[in-house]
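Colleague: predicted model and sequence follow; I will ask about them next.
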Amino acid sequence: MPEGETSPNKLSTRDERNAAGRDTRPSLDDEEPLECSNTCMGITVAVIACLVGFLVYLGSGPVDPLDAHVTAFRGDEVLRAVVWPGQAGGAPGVRGPNGRDTDWAIFFYKPYCGACKRVWPAFRALGATTNSSGKLRFGEVDCVRDKSVCTMLKAEKQPVVRIYRATEAAAAGPDGKIKKKAKGFKRDSIAEWSGLLIAYEVVDWFKSLQRGPDKILPADIVWPRPDELGAAMRRFKARGKTQHDSSLTKRPKDPAGYLVDAELALTMGLTDHVFPYAGVDLEGDRLKTMLRWLEVQAFAFPKAAVRTKIKALRARLANRQKWEQKAFENAVRAQGFSTAPVSDDAWRWCETSNGRGGYSCALWVLFHATLSSVARTDAPYALHSIALWVNDFFGCEECARHFIRYYEDNNGHEVEGGQIGAVLWLWRAHNAVTARLRGDEIRADGSSDRRTDGYPEAADCEPCFNSTDGAGAQEHSVFEYLQEVYCFEADTYVCSGFDDPSKDKGNRAVEPPPETDKPKK
């Protein structure tokens, strides 16, 4: 946010992340000791052979990092990676994927599980783009194909991600009692995630393990930038293996049209009411609001090319404490934005043929798209930035006054629930405005053609209204619906968890980019 901001309504963007707790599950050796005895000596040769094959796989696997850096275990290979007795490569000094210094992040999933399909792309992308310095490897277990493995490891519910770490192994004597330390080591589960089914939640969990008093993961692990992670997620989804149950019953006509209207609204908002009166300059709190608004759009607008222009414009505007209209508009044009009025036929979703639509409609599109692209910790800040911008720069003063009153009366400045809470707050605000305008039209003209059942309509989102108790819209489905609508073809990191490039290919303006990533060394 701009330096020096002193607004009493300033929202903190940190820190709602959950503290990572240690898992005290029994060690895997408690289930079935892997030290060799008369019953397992015949397996030793096979185990060693599998290890050799495993290492060959690592050395000559696919070029695509999405495969090369995530091991898909088969059968009981998870035991040979997560628990390894000293006789077969776990002795002190052994390094590599099964070395004592390497932790394993294991994703337990079922291929038909919709929740697992939401997490799977994030896990794969994280494994492919994380620079772990050999300290952390990523593996996954199919709990349908290898049900016995998941049962033995007590991974009864999916999706779940665990961190396994090497500890000292102990050998059991003939009487079953622990007699001595083994030469090798075993691995125990030390942390577990099974939280909200949003991609950034599992990624934030990994990052949180480097903080706190325990600092479970080493500090030298370097996580990917959000744009790198988002690109890898979209590439993985483009393979067509991760479709989940959608809340979309019917895709909007011209599904990418919102991107056009959002950009037009953003552009028009840079000039429409920035200088409402002659001789009034942009300075003080209004300039701070503009800089804050551009800051949010620089990471939340759904297209990278526009985000780049916004970032450059904000940097330029931040160099002065006061802007006159001519200099300001020159700066706007210099960064590739138009200062000309938007023609009526330019709007895609917000066409003006019904006497409405246009700029006001497109602002709602922009606001929805903005909150669909911000992560949990940034959502309250983004929502408050929207309110500040409406208050200072929306030219319809009556509309702005109603919006701010609703914002204050409905605790917009203290919205709970992170991104989900902010997205649903704006949805409720939008429906409240529609209901108010419909009432005004009925009182003035005796009728109104505005919708009575709110947004979305049941025909567009059947799961939103699948309620047997008459409780109205199901908000978790509404959230998913809004994310899927306003993340269509968006290239932000957050939207990568909701848009699926393998779906609706006939509706897409741009096909997924080619797979050009190189494997990390």
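Modeller: That came in fine, so what should we check first?
Colleague: packing partners of the single longest helix found in the chain?
Modeller: Using DSSP state H, we find that the single longest helix of the chain is helix 418-445. The criterion is 3 or more C-beta pairs under 8 Å, 6 or more residues apart in numbering; DSSP states H and E, and the helices and strands that helix 418-445 contacts are helix 358-372, helix 379-393, helix 397-409, helix 475-486. For glycine as for every other residue, the C-beta is placed from the backbone atoms N, C-alpha and C.
Colleague: let's go with 6 Å and repeat that
Modeller: Helix 418-445 is packed against helix 358-372, helix 379-393, helix 475-486, with contacts defined by 3 or more C-beta pairs under 6 Å, 6 or more residues apart in numbering; DSSP states H and E.
Colleague: now render the ones you listed as TSV, adding mean neighbour count.
Modeller: Shown next, in TSV, are those (neighbours: other C-beta atoms under 10 Å):
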stretch	mean neighbour count
helix 358-372	23
helix 379-393	22
helix 475-486	22
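Colleague: related to what we said a few turns ago, quick check: mean pLDDT of the longest helix of the chain?
Modeller: Average pLDDT, helix 418-445: 89.
Colleague: got the helices and strands packed on helix 418-445 as a markdown table, with distance to residue 109 and mean pLDDT columns?
Modeller: Putting those into a markdown table (distance: least, C-beta to C-beta, whole Å; pLDDT from 0 to 100) gives the following:
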| stretch | distance to residue 109 | mean pLDDT |
| --- | --- | --- |
| helix 358-372 | 25 | 96 |
| helix 379-393 | 27 | 96 |
| helix 475-486 | 19 | 91 |
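Colleague: mind putting these into CSV with distance to residue 414?
Modeller: Below are the helices and strands packed on helix 418-445 laid out as CSV (distance: least, C-beta to C-beta, whole Å):
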stretch, distance to residue 414
helix 358-372, 16
helix 379-393, 8
helix 475-486, 18
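Colleague: out of the ones you listed, flag the one nearest residue 117.
Modeller: Judged by C-beta to C-beta, the one of the helices and strands packed on helix 418-445 that comes nearest to residue 117 is helix 475-486, at 12.9 Å.
Colleague: just the buried positions in the longest helix of the chain, please.
Modeller: 418-427, 429-431, 433-434, 438 (16 or more other C-beta atoms under 10 Å).
Colleague: can you show me the helices along the stretch 251-400 of the chain?
Modeller: Ranges of helices in the stretch 251-400 of the chain, per DSSP state H, counting those that start in this stretch, are 257-268, 284-300, 304-317, 325-334, 358-372, 379-393, 397-409.
Colleague: identify each buried residue in the second one, please.
Modeller: Yep, that's helix 284-300 we're talking about. Neighbour counts using 16+ other C-beta under 10 Å place 286-300 of helix 284-300 among the buried residues.
Colleague: what angle sits between it and helix 379-393?
Modeller: 130 degrees (axes from the mean of the first three to the mean of the last three C-alpha atoms, to 10 degrees).
Colleague: got it, and the shortest one?
Modeller: Helix 325-334 runs at 140 degrees relative to helix 379-393, counting by the same axes, to 10 degrees.
Colleague: the strands in the stretch 151-300 of the chain, which residues?
Modeller: If you assign secondary structure with DSSP state E, counting those that start in this stretch, the strands in the stretch 151-300 of the chain sit at 160-172, 178-193, 282-283.
Colleague: pLDDT averaged over the second one - what is it?
Modeller: Averaged across strand 178-193, the pLDDT comes to 71.
Colleague: ditto for the last one
Modeller: The predicted model gives strand 282-283 an average pLDDT of 97.
Colleague: show me what that strand is packed against.
Modeller: Taking 3+ C-beta pairs under 6 Å, 6+ apart as contact, there are no helices or strands that strand 282-283 lies on.
Colleague: now what about stretch 219-229, what contacts it?
Modeller: With C-beta atoms under 6 Å, 6 or more residues apart in numbering as the test, stretch 219-229 has contacts from 125, 129-133, 135-136, 207, 210, 493.
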